[in-house]
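please work out how this folds:
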Amino acid sequence: MVTTTDVIIIVGVALLLGVYISWRAGRLDRLHARLEAARAALDVALLRRSSAALELASTGLLDPATSLLLAGAAHDARIAPDDVKELRESDLTRALRAAFGQPEFRASLAGGHGADELLAEVEAAAHQVFLARKFHNDAVAATRLARRRWLVRLLRLAGGAALPEFFEIDDSMVAPGGDGQGTDMPRLTG
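Reported below is the predicted structural model:
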């Protein structure tokens, strides 16, 4: 025999379960929205970095070989399809690192009109990529963790959304093992 107390308990448990499921679905939706915003910010940062590299390459301040290397890598990074985007962005990082790692690089630009501003712009753009990628990958990790929960999988709360992927590129302007600064962004400008 079902008593009024039993009905109240069953309704209360069902209500609490419904509220929890709704909260979990809302959280997952917010994580996906955060992930989309982080990806958009990363795309903007990557575009800004390639623009800064193209601008530096086209100024005539660099030797022709370095200009060609930077311009080619920046162009390839801009037009790369999604399946090779990470590789092309890493190539641009390596081209920037090679250019800035040349002996007497700063001295060769001294006296060039706007050289310090261009270097500061490239540095800021590279640092923005570093931060945007870190933020994006943190959002991916949080979303993947939320999607691994048993209730999310059981009730398919993620719907048909694809599992987010990490964006892994070489974004450090410091040569590995170079000066002990690790993957943190160095100051290219004085």
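
strands of this structure, start to end?
Assigned by DSSP state E, the chain shows no strands.

so how far is the longest helix seen in it from its chain's centroid?
With secondary structure taken from DSSP state H, the chain has its longest helix at helix 4-57. With C-alpha atoms, centre = their mean, to the nearest Å as the basis, helix 4-57 stands 17 Å off its chain's centre.

ok, now stretch 133-145?
For stretch 133-145, the separation from the chain centroid amounts to 9 Å (computed by C-alpha atoms, centre = their mean).

let's see it as PDB, backbone CA atoms only.
Taking Å, rounded to 0.1, in the frame of the first residue of the first chain, the C-alpha atoms of stretch 133-145 are listed here in PDB:
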ATOM      1  CA  ARG A 133      45.700  28.200 -27.000                       C
ATOM      2  CA  LYS A 134      46.100  27.500 -23.300                       C
ATOM      3  CA  PHE A 135      42.600  28.900 -22.600                       C
ATOM      4  CA  HIS A 136      41.100  26.800 -25.500                       C
ATOM      5  CA  ASN A 137      42.800  23.600 -24.300                       C
ATOM      6  CA  ASP A 138      41.600  24.200 -20.700                       C
ATOM      7  CA  ALA A 139      38.000  24.600 -22.100                       C
ATOM      8  CA  VAL A 140      38.400  21.400 -24.100                       C
ATOM      9  CA  ALA A 141      39.700  19.500 -20.900                       C
ATOM     10  CA  ALA A 142      36.700  20.800 -18.800                       C
ATOM     11  CA  THR A 143      34.200  19.900 -21.500                       C
ATOM     12  CA  ARG A 144      35.700  16.400 -22.000                       C
ATOM     13  CA  LEU A 145      35.600  15.800 -18.300                       C
END
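
okay, buried residues for it please.
For stretch 133-145, burial by neighbour count (16 or more other C-beta atoms under 10 Å) applies to Arg133, Phe135, His136, Asn137, Ala139, Val140, Thr143. C-betas here are computed from N, CA, C, even on glycine.
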